[in-house]
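Asker: model this:
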Amino acid sequence: MNTPKVRTNGCHLLLVDDDRLVLSMLALALTHAGYQITTAESAEEAENCLSEGCQRPQLVILDVQMPDQNGLTLAQRLHELDHIPFMILSAYSDAETVQKATAQGALGYAVKPIDPAQLIPAIEAALARANDLHELRTTRMQLQTALDNERDINLAVGITMMQHRLSRKAAFDMLRQSARRQQRKLSELAQGIIHAAEAIQL
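Answerer: Numbering: from 1, shown residues only. Here you go, the predicted model:
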């Protein structure tokens, strides 16, 4: 079996399968292809590895049917553990299983038995999609932070207008100058003003 080397940049994969033969075969082939591989023979072992500070995998490849815990239950835990992306490698290809995996956020679905060389394109596609989703979440968080900061600044300007009987522009200029003098971000100063006003009301 010849497994081609790919430009993996040392991507870390976590393989989860209760079949030791499948696990060892895939681990060997994917290591040869250039990936960093960690293996787990059960969902519990995988969870323990992740919760105990193991290196965060860029992708988890997991079986659906395992004796201790369903792979899709583990998939939900992966989502809770910092949105860790996953794809399914299963002997089952029925529509219901595929639908459940997709609903849980699977980035790929491969059916066993499979040649590791044929699995690599699916892994690369899943990694690319995971990167896109990560960038999307990052952008969304940045936008939310910007909106929150803008809201706080607007509220602090309103409080300053009322306290000092100033126009909106004059109140904003006062806050900006105060932030510069204190060498603080305007959003941080605004939050302090809001908290102070809330404390007075209490």
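Asker: just checking, next helix/strand downstream of the host helix or strand of residue 131?
Answerer: Following DSSP states H and E, one finds residue 131 within helix 116-164. Per DSSP H and E, the first helix or strand lying C-terminal to helix 116-164 is helix 168-182.
Asker: Just list what that next one packs against, helices and strands only.
Answerer: If you count contacts as 3 or more Cβ pairs under 8 Å, 6 or more residues apart in numbering; DSSP states H and E, helix 168-182 packs onto helix 116-164, helix 186-201. (Each C-beta comes from the backbone N, C-alpha and C, glycine too.)
Asker: Sketch out the low-pLDDT regions of the chain for me.
Answerer: 1-9, 53, 69, 201-202 (pLDDT under 70).
Asker: domains of it?
Answerer: 12-114, 139-201 (automatic domain parsing).
Asker: Secondary structure element holding the closest residue to residue 40 other than its chain neighbours?
Answerer: Counting by Cβ to Cβ, 6 or more residues apart in numbering, residue 40 lies nearest to residue 46, which is 3.9 Å off, once chain neighbours are set aside. According to DSSP H and E, residue 46 maps onto helix 43-51.
Asker: helices and strands around that helix, which ones?
Answerer: Looks like helix 43-51 contacts strand 12-16, strand 36-40, strand 59-62, helix 71-80 (3+ Cβ pairs under 8 Å, 6+ apart).
Asker: ok, and what's touching the shortest one?
Answerer: Contacts made with strand 59-62 from outside it, assessed by Cβ atoms under 8 Å, 6 or more residues apart in numbering, are listed as 11, 13-17, 26, 43, 46, 71, 74-75, 78, 84-89, 107, 123, 126-127, 130.
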